[in-house]
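**Q** No sequence on hand, only this structure:
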């Protein structure tokens, strides 16, 4: 498993996310800020995980609420904007529960504490997440 271009960048991302959680007063407030969640939406669970992408795994936080399953990367990623500027943003995914067809869960046979979850949306697009 690769953690990213450099292990030090992954650690720096985790530290900056941890600092952000402390600054905002907890995971629930981070969730509300990142995903503009309204008061009626309740955060049920948050945990560290990796999102599987074609470019490789992205470390971040998985949020499960009463209305969605969401992911936000630990560190920001760089991309070119339409006007050619280099922009840094956090990689975010938000899937409303009503758009989820099913979720499949499995465990790593060699490391049972490692779990993998595949979310299949109504349009048959899949997202893979894993963590401990």
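**A** Looks like it came in fine. Every value quoted in this text rests on a predicted model; they were computed, and no experiment measured them. Residues are numbered from 1 along each chain as shown.

**Q** Show me the helices in the protein, by range?
**A** Residue ranges of the helices in the chain, as given by DSSP state H, are 7-24, 27-35.

**Q** tell me the average confidence for the first one?
**A** Pointing back at helix 7-24 there. Model confidence over helix 7-24, given as mean pLDDT, is 57.

**Q** How about stretch 39-49?
**A** Regarding stretch 39-49, the rounded mean pLDDT is 92.

**Q** Over to stretch 83-95?
**A** With pLDDT averaged residue by residue, stretch 83-95 scores 91.

**Q** Any buried residues in it, and which?
**A** Buried residues in stretch 83-95, counted by 16 or more other CB atoms under 10 Å: 90-91, 93-95. Using the backbone N, CA and C atoms, a C-beta is placed for each residue, glycine as well.

**Q** and if you look at stretch 44-61?
**A** In stretch 44-61, counting by 16+ other CB under 10 Å, buried: 46, 49-52, 57-61.

**Q** Model confidence for residue 1, exactly?
**A** We note a pLDDT of 37 for residue 1 in this prediction.
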